[in-house]
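>>> Got a predicted model here, sequence first, then my questions.
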Amino acid sequence: MLTAVLRGLAATALAVLPLTLPAPAHAAETLPLAEAVTRLPVETESRDGYDRDAFRHWNTGTDPSDGCNTRAEVLLAEAVEPPTVGPGCRLSGGRWFSYYDQVWVTSASGLDIDHMVPLAESWDSGASAWTARRREAYANDQGADASLVAVTARSNRSKADQDPAQWLPPAAGVHCRYVAEWVATKLRWSLAADETEVAALREVAAGCPDQSVTYEPAV
């Protein structure tokens, strides 16, 4: 009799539990830049098979109902003075600050949306093994401020697909920030770094004792 009662109570308790449990939260972590660099897995990179079209972008963004793609949503989010949004999400007016080269820009057409870690570099560092869906999520990532950044077309094209061992922003005063955002993006997406890249990151980090890195792992 007692066993039957206990079984009944257990069944009742299970009945009021949700059928699915929420996924565990991915907590953001903040740590000094120098320490963050040590968290990067060091691996040999390979560009074999890379195709930019393997990363679908720009998609409909975080709000498909607003008529703006990811590029436009980033421009709206980063505008110092908001532009006017016309039909078809056409942007006019507005003002932006390109931190790479410390230049003010007053036309959306003068800006590129830079992938902090370029698509080709991400492929070299682990994205080659991802699904198409995850590569699309990476290419349109608005879940972290550092992932996509509006900068002058000139500075973005100067950077191209180079890592910090090969290219740093022309404005020397922003190198600490840039390297921190680079490392944060790689940690967020569990991307590796090669030995030359890590050496360059360590060199910059040594001159940035007060710089921290905050990242939240991508789902």
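Done, it's in.
>>> contacts, neighbours, all on C-alpha from now
Fine.
>>> so where do the strands sit in this protein?
Using DSSP state E, the strands of the chain run over 29-32, 84-85, 91-92, 96-98, 103-105, 111-115, 148-152, 212-215.
>>> deepest of those, which one?
Greatest average neighbour count among the strands of the chain goes to strand 148-152 (a mean of 25), per mean count of other Cα atoms under 10 Å.
>>> Would you mind pulling up the elements that that one packs against?
On a contact count with 3 or more Cα pairs under 8 Å, 6 or more residues apart in numbering; DSSP states H and E, strand 148-152 meets helix 70-78, strand 96-98, strand 111-115.
>>> how about a cut-off of 10 Å?
With contacts taken as 3 or more Cα pairs under 10 Å, 6 or more residues apart in numbering; DSSP states H and E, strand 148-152 sits against helix 70-78, strand 96-98, strand 103-105, strand 111-115, helix 153-159.
>>> And the contacts of the third one?
Residues from elsewhere that reach strand 103-105 (Cα atoms under 10 Å, 6 or more residues apart in numbering): 79-80, 93-98, 111, 150-152, 155, 171.
>>> what do you get for stretch 59-67?
Here stretch 59-67 makes contact (Cα under 10 Å, 6+ apart) with 68-74, 87-90, 136-137, 139-143.
>>> what residue is smack in the middle of this protein?
Taking Cα atoms, centre = their mean, the centroid of the chain lies closest to residue 147, which sits 2.5 Å from it.
>>> OK, contacts around that one?
Neighbouring residues of residue 147 by Cα under 10 Å, 6+ apart: 113-118, 138-141, 181-182, 184-186, 188.
>>> redo that, cut-off 6 Å
Going by Cα atoms under 6 Å, 6 or more residues apart in numbering, residue 147 touches residue 116.
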